[in-house]
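>>> Quick one, fold the following:
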Amino acid sequence: STDDWLASDAPDILEEVTARVATGQDDVRLMSWNNGAVSAQDLEEFTASVERGVASNVAVFGEMVPGVQPQENMFQPDHVGWYRDLGIEWITFFNSMSLFTGFPLDVELEGSALYNPVTLEDGDDDMVVVPVYHHSDIFDHGGLRAWIKQLEASQSGDVLLVIHFDADSETWVGFDGELADIADMDVSYTTIQEYLDTHPPVGSMTLLGDQADGIGDGYQSWAEKDINHEVYTQVARAREMNAQARLIANGEANVESEEEESLTPRLLALSTTNYGLAAPFLHPDREISARAFAEEGVTLATTARDPAETTSPIADNSLAVINTRPSSEPALVHATIAIPASDYVAADGLTISDGDGELPLAVVADDSGDPVLLEVDMVVTLAEAGITTLTYSYDPANPATASGALDDSALDGVSFGVAPGTIHALL
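I've put the predicted structure just below:
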């Protein structure tokens, strides 16, 4: 919106914010380039959304502080290290007593930590959390003046009270009166970065689970509708096809270019407005837009994957099992192998081998047509983020180990929570 919609539809807003940044009244920090549901993004998508957002802010405003307010408060613990690797040092989270938002149900801050920076830890990674509040908290404390009096009575030293909410919210109406009511009080106005520059964290905290604005666990509002599952399934499909294309092509320049092109619609399909917060339905225009972005992502991912297979064909009588995940372990893999009807005698003529020998197989034959289709299940030890090549042959004169089932020993070590590998090609 900074690069496009605001520039064309509300340039006065950009001009006023730029002027305030130049005089030091305001700072600009990151949200996300794509208005993104960042906790649903993989590392590639997360990195792109942060880098594009930073570049956009710097290009428009000339500078940006190293902080972030994640869209819709969405967060997962891995983000601590991910943000720090990308130069983002601090994050704002609602510590509001409104149960709709924030982390108070998971972590209870006390004392000076309620209004000061706190270190957020995840393993060896850490970043600074700044607790923020919104208008419901002003009402909860009896108004801004009453709240400040409570702080004066309960806190020693400096405190940072951040009133933080959507700029277009009607709850800002009348806020000038709240500010006028504290004109005679001992308060000063600052920016978050200015305060952090002189105030180190006063405590530490850990968030073990994901966070989001919403009902239930925070994600019900974003995941309960059919359209949510439909759009995200397409996003996941495009993501997987891109990863497969990258492995198959092995650095082929034209394929990498197609992969990069497919990333943009995937990011736009991951915008939070495509998932909620409305319930139980989204506006029909929003559903149309969400589907369009998701389908474009799949189309461009297909455009990347198809030439990748052409660029890197595999040998005759071979199977290539793709594993895009950064782990190596046994997995149950399914393949369909076609045998000319004139050559087919029985299923046990099929042999499939990896580099260590023949694999146990479960084979079901569909001999109703020509060719005969052999539906094969087998356990394959997947290569870590790589391709495992298998070879096969069909010789009914030399029966193999195909038995129509896989026994316990063949399935030993298989995690059925792990998705199986993807057959690249059957040639």
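>>> only C-alpha atoms for contact and neighbour calcs from this point on.
OK.
>>> All the strands of the stretch 301-427 of the chain, residue numbers only.
Shown for the stretch 301-427 of the chain, the strands assigned by DSSP state E, counting those that start in this stretch span residues 318-323, 330-339, 350-354, 357-358, 361-366, 372-381, 386-394, 422-426.
>>> whoops, the stretch 51-200 of the chain was the one
Taking DSSP E, counting those that start in this stretch as the test, the strands found in the stretch 51-200 of the chain are 67-68, 90-94, 118-122, 125-132.
>>> what's the most buried one of the strands of the stretch 301-427 of the chain?
Mean neighbours per residue, mean count of other C-alpha atoms under 10 Å, is largest over these for strand 318-323, with a mean of 23.
>>> can I get the CA coordinates of stretch 225-237 in CSV?
Coordinates of each C-alpha in stretch 225-237 appear next as CSV, following Å, rounded to 0.1, in the frame of the first residue of the first chain:
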residue,chain,number,x,y,z
LYS,A,225,-13.8,-20.6,7.1
ASP,A,226,-13.8,-22.9,4.1
ILE,A,227,-12.2,-20.1,2.0
ASN,A,228,-9.2,-20.0,4.4
HIS,A,229,-8.4,-23.7,3.8
GLU,A,230,-9.0,-23.4,0.1
VAL,A,231,-6.7,-20.4,-0.4
TYR,A,232,-3.9,-21.7,1.9
THR,A,233,-4.0,-25.1,0.2
GLN,A,234,-3.2,-23.4,-3.1
VAL,A,235,-0.5,-21.4,-1.4
ALA,A,236,1.1,-24.6,0.0
ARG,A,237,0.8,-26.2,-3.4
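>>> pLDDT (mean, whole number) over it?
Regarding stretch 225-237, the rounded mean pLDDT is 94.
>>> same deal with stretch 110-117?
97.
>>> before we move on, what about stretch 242-260?
Here the average pLDDT along stretch 242-260 is 78.
>>> Next: stretch 132-145.
Throughout stretch 132-145, pLDDT has a mean value of 94.
>>> what does it contact?
Stretch 132-145 is contacted from outside by 92-98, 115, 147, 161-165, 171-172, 178-179, 181-182, using C-alpha atoms under 8 Å, 6 or more residues apart in numbering.
>>> buried ones in that stretch?
Buried positions in stretch 132-145, judged by neighbour count with 16 or more other C-alpha atoms under 10 Å: 132-135, 137-138, 144-145.
>>> need these in a markdown table with distance to Leu277, can you?
Converted to a markdown table, those look like this (distance: C-alpha to C-alpha, whole Å):
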| residue | distance to Leu277 |
| --- | --- |
| Val132 | 21 |
| Tyr133 | 20 |
| His134 | 18 |
| His135 | 19 |
| Asp137 | 21 |
| Ile138 | 24 |
| Leu144 | 29 |
| Arg145 | 32 |
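>>> Which of those residues sits closest to Arg266?
Val132 (30.9 Å; C-alpha to C-alpha).
>>> just to revisit the earlier point, make JSON lines from the strands of the stretch 51-200 of the chain and add distance to Val231 to it.
Shown next, in JSON lines, are the strands of the stretch 51-200 of the chain (distance: least, C-alpha to C-alpha, whole Å):
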{"stretch": "strand 67-68", "distance to Val231": "26"}
{"stretch": "strand 90-94", "distance to Val231": "27"}
{"stretch": "strand 118-122", "distance to Val231": "30"}
{"stretch": "strand 125-132", "distance to Val231": "32"}
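>>> Compare the strands of the stretch 301-427 of the chain and say which comes out lowest on pLDDT.
Among these, strand 422-426 scores lowest, with a mean of 48.
>>> Please tabulate the strands of the stretch 301-427 of the chain in a markdown table, including the columns distance to Arg246.
Output for the strands of the stretch 301-427 of the chain, formatted as a markdown table (distance: least, C-alpha to C-alpha, whole Å):
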| stretch | distance to Arg246 |
| --- | --- |
| strand 318-323 | 11 |
| strand 330-339 | 21 |
| strand 350-354 | 23 |
| strand 357-358 | 28 |
| strand 361-366 | 29 |
| strand 372-381 | 20 |
| strand 386-394 | 10 |
| strand 422-426 | 12 |
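>>> Flag the shaky bits of this structure, pLDDT-wise.
99-101, 251-255, 401-405, 415-427 (pLDDT under 70).
>>> Swap in 50 and give it another go.
For the chain, the stretches flagged by pLDDT under 50 are 424-427.
>>> residues of the helix ranked longest in it that come out buried?
Using DSSP state H, we find that the single longest helix of the chain is helix 284-311. By neighbour count on 16+ other C-alpha under 10 Å, the buried set for helix 284-311 is 287, 290-291, 293-298, 300-305, 307-309.
>>> quick one: which of the strands of the stretch 301-427 of the chain is nearest Val414?
Across the strands of the stretch 301-427 of the chain, Val414 has its closest neighbour in strand 330-339 (5.2 Å, C-alpha to C-alpha).
>>> From the contact counts, what lies against the closest one?
strand 372-381, strand 422-426 (3 or more C-alpha pairs under 8 Å, 6 or more residues apart in numbering; DSSP states H and E).
>>> Show me what the longest one is packed up against.
By that I understand strand 372-381. With contacts taken as 3+ C-alpha pairs under 8 Å, 6+ apart, strand 372-381 sits against strand 330-339, strand 361-366.
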